[in-house]
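Peer 1: Quick one, structure for this:
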Amino acid sequence: MKMNTVSPVRTVERLIESLNQADIETAVSLYEDDAVFFPEPGTEVKGREAIREALAELVALSPHLSAIRFLMTQTETTALYCSHWKMRVTTPDGSVIILDGSSSDVLRMQSDGRWLIAIDNPFGTEIIEAGR
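Peer 2: You can find the predicted model right below:
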């Protein structure tokens, strides 16, 4: 395994930056091939192509996402990133909506030292309630 060249926090920062810039390809490249993403509570998609489609729907709303605060803990090869976030989106009719929530993401170090997202849950424990 090579030396860690980018931190798991930086991976999440790059994800936020790429979504804010409508750069779906960069965003998708930050996920593992078989990563899991929750585009909404109760809905889970798996794999980069499904994540690309879900992120395209988000990017269509011209999001401006920011992490208000976060906590990250890690082992040598696995990290848990939890944050409180805010996001402004514009609906097709031009209305602006402000959303906020708490997320939990699992990242894993790859053999080349990059950290990629394995699980992206932007809805924290809301997925438990939706799963009932």
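Peer 1: drop to CA atoms for contacts and neighbour counts, all remaining ones
Peer 2: Noted.
Peer 1: For burial, what's the neighbour tally of the nearest residue to Thr90 once chain neighbours are set aside?
Peer 2: Closest residue in space to Thr90, ignoring its immediate chain neighbours: Val96 at 4.5 Å, by CA to CA, 6 or more residues apart in numbering. A total of 14 residues lie near Val96 under the criterion other CA atoms under 10 Å.
Peer 1: Tell me who's in contact with Val96.
Peer 2: 88-90 (CA atoms under 8 Å, 6 or more residues apart in numbering).
Peer 1: what's in contact with stretch 12-28?
Peer 2: In contact with stretch 12-28 (CA under 8 Å, 6+ apart) are residues 30, 48, 51-52, 55-56, 59, 62-66.
Peer 1: at 6 Å instead, please
Peer 2: The contact list for stretch 12-28, computed with CA atoms under 6 Å, 6 or more residues apart in numbering, reads 59, 63-64.
Peer 1: List the strands paired with the helix or strand harbouring Arg108, with their directions.
Peer 2: In the assignment (DSSP states H and E), Arg108 maps to strand 96-109. Applying DSSP bridges, strand 96-109 is found paired with strand 78-90 (antiparallel), strand 115-121 (antiparallel).
Peer 1: how far out from the middle of the chain is the first one?
Peer 2: Just to be clear, that refers to strand 78-90. Chain-centre distance of strand 78-90: 7 Å, with CA atoms, centre = their mean, to the nearest Å.
Peer 1: pLDDT averaged over that strand, what's the number?
Peer 2: Strand 78-90 carries an average pLDDT of 96.
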